[in-house]
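K.L.:
Model the structure of this input:
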Amino acid sequence: MHPPDTKLAGDQGADQLAVQLAPQPEARQPFAINSEALLRGQPSVTIAHQGMLYRLKTTRQGKLILTK
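P.N.:
Model (predicted):
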């Protein structure tokens with residue numbers, strides 16, 4: 001038996017119920033930082049990540065390259 005408020009697939013509005021019952025992920029905005037803040041006027045910066053060193057540099061065309 002189903003609880004009285006439960007709508008089955010054949011019932012009108014079942015799609016709406018499924019949407020209401022689905023867990024809603026927490027809305028988080030991705031963290032962003034301006035590349036100029038990282039580079040501070042330099043052509044490249046070294047980034048330490050999980051014990052490894054990476055180099056972030058700008059190209060003459062203004063693009064960014066991240067290398068190990």
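K.L.:
Show me the strands in this structure, by range?
P.N.:
For the chain, the strands defined by DSSP state E occupy 44-49, 52-58, 64-67.
K.L.:
Now do the first one: everything it contacts.
P.N.:
So that's strand 44-49. The set of residues that contact strand 44-49 without belonging to it, under C-beta atoms under 8 Å, 6 or more residues apart in numbering, is L38, L39, L53, Y54, R55, L56, K57, T58, L66. C-betas here are computed from N, CA, C, even on glycine.
K.L.:
can you pull the contacts of the second one?
P.N.:
Which is L39. For L39, the contacting residues are V45, L56, T58, by C-beta under 8 Å, 6+ apart.
K.L.:
Quick one, which of those are buried?
P.N.:
T58 (16 or more other C-beta atoms under 10 Å).
K.L.:
mind putting the contacts of L39 in a markdown table, distance to R28 and pLDDT included?
P.N.:
Below are those laid out as a markdown table (distance: C-beta to C-beta, whole Å; pLDDT from 0 to 100):
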| residue | distance to R28 | pLDDT |
| --- | --- | --- |
| V45 | 26 | 96 |
| L56 | 24 | 97 |
| T58 | 28 | 96 |
